[in-house]
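Colleague: Would you be able to build a 3D model of this:
(4 chains)
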Number of protein chains: 2
Amino acid sequence: MRQVADTPSIWERPEPPERRAPSPLSRERIVRAAVTLADAEGLEAVSLRKVAAELDAGPMRLYRYIGTKDELLDLMVDAVYAEIPPPTGSGWREVARSYAHGIRAAGLRHEWLADLLDGRPRFGPAAVTHAEATLTALRAAGLQEIDTIMSTVEVLSTYLRGALRTEVGERRAERTSGLDEREWQHAMAPHLLAMFATGDYPLMSEAMHDAEHRSATERFDQGLGYLLDGIEQSLSG
Amino acid sequence: MRQVADTPSIWERPEPPERRAPSPLSRERIVRAAVTLADAEGLEAVSLRKVAAELDAGPMRLYRYIGTKDELLDLMVDAVYAEIPPPTGSGWREVARSYAHGIRAAGLRHEWLADLLDGRPRFGPAAVTHAEATLTALRAAGLQEIDTIMSTVEVLSTYLRGALRTEVGERRAERTSGLDEREWQHAMAPHLLAMFATGDYPLMSEAMHDAEHRSATERFDQGLGYLLDGIEQSLSG
DNA sequence: CTCCTTTCGATACACTGTATCGGCAATATA
DNA sequence: TATATTGCCGATACAGTGTATCGAAAGGAG
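Modeller: From the prediction side, this is the model:
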């Protein structure tokens, strides 16, 4: 019988705390939880403690699956890429449009994406697969030279990053100025009125009053159209 | 003589701690300190404690001048706008180029700007002044209708936001992969080689190997050129 | 000289990412 | 089957964050 010298009898020894069955865990589960959290409460609500709690785990358990919070964010971005359908279309303009709208849709589904797309090259499997599919579709649709293809997707993705930020930023501004309408009217509106009242900004005033108000989608498509027209011109030139 | 009942004599009472002359403080000083810090050590190093320390002040003293850290960030952005010269040029393309390069230069001087330009409308005095100057220059250079002017600067600023992020992101990636070259070669390079070795990404490989490598400025100008060509086309059409 | 207001530093709180360590549980070994 | 080993993971801790609260000191007013 195994009984170390000064181990008290079973009657004295306290029972160890009951252990719950460990929750199943995987990178995919963690990333899903993080994405859900970010969708629901914003990226700033994604803390390792909260993600772990969502999974019935202690915070440090996550470090068996990721090395760093930044790595988790990388995984989240790749998870979004995995949602984006590969671009399709017969002409290269169609493919480009499909590419752009696919990413835009994903970015509007997950508004935090705009904050994470920081321009570093992305080497996650889904991102790479999506990139390869994009290049393939563009070549199949008529662009042969790799340089033309790369220029096109580079400029497209640059515009996309900006457009996403713009659109998401506006959404957020509207949302917060809608929620704390009280505070907004109290803090921001007088400042704007006072500025315009000085008469120092006639064109800004004209823009506010007379310019036609187009939807975010319209503006996005207009910019995209400019870009495609410019590219097309450079192709024929 | 004023001497409350149980106040000990001067010999017993400890001298209050010596008070240093308070450092002069103002919003401008605070913002300048924050900008300097962000330039030197990155945006994540900008904490109220560090900014205050730089100014020989306690952290809470800053709250006499700003209401929130986010407000400080807003002030920093406006301070950058104040550095940007108003766009100039005779033709509207020239003005547009001047606008774009002015903002790009500022964004490269202060790499954190790309992180703060989130797309929300900016109502700081310098930002508004710069915007008004831009609109004025565009109208003076030939664009009459306010709608055309607004479309142009909207699409330009969208592209700019994306381009800045792209460029700054690449710089950071290069910098960190240059500094921890050891780690990068150990962690990222094998992953890339393995991926390309599968043969599943022929176009990505072709791009890596055969595509010409252009400088960031060239790519920026190329995208800008596409955009301007597209706009010009819509003007004449 | 006394009162009052403004200013600010000290302290505290909740929260973050993550390093360290100790013990339990499953596995490999004898 | 008994023991040694390994790997997993929770508890704890630490340094840092933004900011609320409060008391005391300084400056101005009567």
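Colleague: quick one: least confident helix or strand in chain A?
Modeller: Of all helical and strand segments in chain A, the minimum by mean pLDDT, DSSP states H and E falls on helix A:181-197, at a mean of 82.
Colleague: going on from that helix, what's the next piece of helix or strand?
Modeller: With elements assigned by DSSP states H and E, the helix or strand that comes after helix A:181-197 is helix A:202-210.
Colleague: got the angle for the helix or strand that that following helix is followed by vs helix B:216-236?
Modeller: Next helix or strand after helix A:202-210 toward the C-terminus (DSSP H and E): helix A:216-236. Angle, helix A:216-236 to helix B:216-236, by axes from the mean of the first three to the mean of the last three CA atoms, to 10 degrees: 100 degrees.
Colleague: from the chain's centre, how far out does helix A:216-236 sit?
Modeller: Mean-position distance between helix A:216-236 and its chain equals 23 Å (CA atoms, centre = their mean, to the nearest Å).
Colleague: One more: stretch A:224-237?
Modeller: Per CA atoms, centre = their mean, the displacement of stretch A:224-237 from the mean C-alpha position of its chain is 28 Å.
Colleague: hmm, back to that, residues contacting the least confident helix or strand of chain A, please?
Modeller: Residues outside helix A:181-197 that contact it (CB atoms under 8 Å, 6 or more residues apart in numbering or on different chains): A:Thr176, A:Ser177, A:Tyr201, A:Met204, A:Ser205, A:Met208, B:Phe123, B:Pro125, B:Val128. No exception for glycine: its C-beta is placed from N, CA and C like everyone else's.
Colleague: Could you quantify the relative orientation of the lengthiest helix in chain A and helix B:146-179 as an angle?
Modeller: In chain A, taking DSSP state H as the definition, the longest helix is helix A:146-179. Angle, helix A:146-179 to helix B:146-179, by the same axes, to 10 degrees: 110 degrees.
Colleague: what comes up buried for helix A:146-179?
Modeller: Within helix A:146-179, the residues that count as buried by 16 or more other CB atoms under 10 Å in any protein chain shown are A:146, A:148-173, A:177.
Colleague: when you scan that helix, is anything in it near DNA strand D?
Modeller: No. With CB under 7 Å from any atom of the strand as the criterion, DNA strand D is not reached by helix A:146-179; the gap is at least 14.3 Å.
Colleague: What is the burial count for the residue lying closest to A:Gly142 once chain neighbours are set aside?
Modeller: Nearest non-adjacent residue to A:Gly142, counting by CB to CB, 6 or more residues apart in numbering or on different chains: A:Trp92, 4.9 Å away. By other CB atoms under 10 Å in any protein chain shown, the residues close to A:Trp92 number 22.
Colleague: and what of A:Gly230?
Modeller: Applying other CB under 10 Å, we find 23 residues neighbouring A:Gly230.
Colleague: now swap in A:Leu143 and tell me
Modeller: 22.
Colleague: quick one, what contacts it?
Modeller: A:Trp92, A:Ile149, A:Thr152, A:Leu235.
Colleague: any idea how far the third one is from DNA strand D?
Modeller: Taking CB to the nearest atom of the strand, to the nearest Å as the measure, A:Thr152 and DNA strand D are separated by 41 Å.
Colleague: which ones are touching A:Thr158?
Modeller: B:Tyr159, B:Gly162, B:Ala163, B:Thr166, B:Gly223.
Colleague: State the pLDDT value of the second one.
Modeller: Looking at B:Gly162, its pLDDT reads 98.
Colleague: Check the last one too.
Modeller: The confidence metric pLDDT takes the value 98 at B:Gly223.
Colleague: That one is in contact with A:Glu154, isn't it?
Modeller: Yes. Counting by CB atoms under 8 Å, B:Gly223 touches A:Glu154, with 7.5 Å between them.
Colleague: how about A:Phe220, what does it touch?
Modeller: A:Arg104, A:Ala163, A:Glu167.
Colleague: tell me, which of those residues make contact with chain B?
Modeller: Contacts with chain B within those, counted by CB under 8 Å from any CB of the partner chain: A:Ala163, A:Glu167.
Colleague: now, which of the contacts of A:Phe220 sits nearest DNA strand C?
Modeller: A:Glu167 (26.1 Å; CB to the nearest atom of the strand).
Colleague: Spatially nearest residue to that closest one (excluding sequence neighbours)?
Modeller: A:Glu167 sits nearest to A:Ala216 (CB to CB, 6+ apart), 5.0 Å away.
Colleague: pLDDT score assigned to the one you found?
Modeller: On the pLDDT scale, A:Ala216 is placed at 95.
Colleague: burial count for it?
Modeller: Counted with other CB under 10 Å, residues neighbouring A:Ala216 total 15.
Colleague: okay but it is in contact with A:Glu170, surely?
Modeller: Yes. Counting by CB under 8 Å, A:Glu170 is a contact partner of A:Ala216 at 6.8 Å.
Colleague: count of neighbours near the residue of chain A found nearest DNA strand D?
Modeller: The minimum distance from chain A to DNA strand D, using CB to the nearest atom of the strand, falls at A:Gly58 (2.9 Å). If you count neighbours by other CB under 10 Å, A:Gly58 ends up with 12.
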